[in-house]
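Undergrad: just the structure for this:
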Amino acid sequence: MNHDPVNRPKHYTSHPSGIECIQITEHMGFNLGNAVKYLWRADLKADAIEDMQKAVWYIQREIAKRVGAATAQPKVTAAEGPGRIHWRPIP
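TA: Numbers count the residues shown, from 1 in each chain. Now for the predicted structure:
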């Protein structure tokens, strides 16, 4: 399969299952789909730990959404973005 950095980057098409991640994630909501995407491709890119941290960020965001804004509080570290904002329920 030819590498196309826009439409078919290598890390999109090189999963051992032969399945492209979008075939699964397009049936999920945004946050959960992104979490799965980062986990799916973590070992196919340079920094697997960073991708796992991004997945956690999206999962925490989904939890906060489901718990509700009134009962979730962001904990912000150095800068906003994946791996830097952590949501935790207010006890």
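Undergrad: what about Lys65, which helix or strand?
TA: Using DSSP states H and E, Lys65 maps to helix 48-67.
Undergrad: give the rounded mean pLDDT of that helix.
TA: Here helix 48-67 scores 90 as its mean pLDDT.
Undergrad: look at Ala78 and report its pLDDT.
TA: 40.
Undergrad: so Ile59 sits against Asn31, correct?
TA: Yes. Shown here, Ile59 and Asn31 form a contact pair, counting by Cβ atoms under 8 Å, at 7.3 Å. Any C-beta I mention is one placed from the backbone N, CA and C, and that applies to glycine too.
Undergrad: can you give me the buried ones in stretch 13-28?
TA: 13, 21, 25 (16 or more other Cβ atoms under 10 Å).
Undergrad: show residues contacting it.
TA: 1, 12, 33-34, 36-37, 40-41, 44 (Cβ atoms under 8 Å, 6 or more residues apart in numbering).
Undergrad: which of those residues sit farthest apart?
TA: Met1 and Asn34 (24.0 Å; Cβ to Cβ).
Undergrad: those two: who's more crowded?
TA: Asn34 (20 against 7; other Cβ atoms under 10 Å).
Undergrad: what about the more buried one, distance to Ile59?
TA: Separation of Asn34 from Ile59 (Cβ to Cβ, to the nearest Å): 9 Å.
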